[in-house]
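Asks: Show me how the following folds:
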Amino acid sequence: MELEFKNHLSPMLKDGIVNYLIDIDGTITEDVPNEEPERMKVCKPFPDALATINKWYDQGHQICFFSSRTEDLREITETWLRENGFKFHSVLLGKPRGGNYHWIDNHLVKATRYKGKFTDMIEKKVKIKVFED
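Replies: A predicted model of the protein is given here:
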């Protein structure tokens with residue numbers, strides 16, 4: 001990963017490169033709860049998710065799967081990702097369960113809700129909540 005370090009601040013990705021944080025259950029495959037790890041081993045990836053994510057990877061973007069799965073499910077998770085052909089840089093586990101996320105960060109954050117189909121990203125104006133100026 002090529003990072004730019006400036007003025008003793010946290011590094012930034014080069015222009016045009018995106019850090020994709022991608023959920024697993026219900027986003028790239030069927031929604032499997034942590035309490036059913038046997039299903040995690042046999043579920044199938046959504047073909048459009050596999051193709052799109054691998055294309056992003058090949059374009060030089062960073063791919064991180066960010067899941068509510070727990071650390072004890074890491075081996076099952078990473079094995080499933082590799083066996084199903086996903087290209088990725090990292091896996092973060094332990095995301096809080098339950099949804100309704102609001103991410104606050106000193107870096108630019110963009111969020112896209114998965115609604116059943118992976119495609120290229122488009123620009124669209126939407127209403128969001130922000131801090132007062």
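
Asks: in stretch 85-103, what counts as buried?
Replies: Phe86, Phe88, Val91, Leu93, Lys95 (16 or more other C-beta atoms under 10 Å). No exception for glycine: its C-beta is placed from N, CA and C like everyone else's.

Asks: tell me which element Ala49 is part of?
Replies: helix 47-58 (DSSP states H and E).

Asks: Tell me the helix or strand right after that helix.
Replies: strand 62-67.

Asks: which element follows the helix or strand of the chain with the lowest mean pLDDT toward the C-terminus?
Replies: One helix or strand of the chain scores below all others by mean pLDDT, DSSP states H and E: strand 3-4, with a mean of 66. Moving toward the C-terminus from strand 3-4, the next helix or strand (DSSP H and E) is strand 12-13.

Asks: Starting from that next one, tell me which strands it pairs with and how they run.
Replies: With DSSP bridges as the test, strand 12-13 is paired with strand 3-4 (antiparallel).

Asks: Leaving out the residues flanking it, which one is nearest to the residue sitting nearest the centre point of the chain?
Replies: Centroid-nearest residue in the chain, with C-alpha atoms, centre = their mean: Ile22, separated by 1.3 Å. Leaving aside its chain neighbours, Ile22 sits nearest to Phe65 (5.4 Å; criterion: C-beta to C-beta, 6 or more residues apart in numbering).
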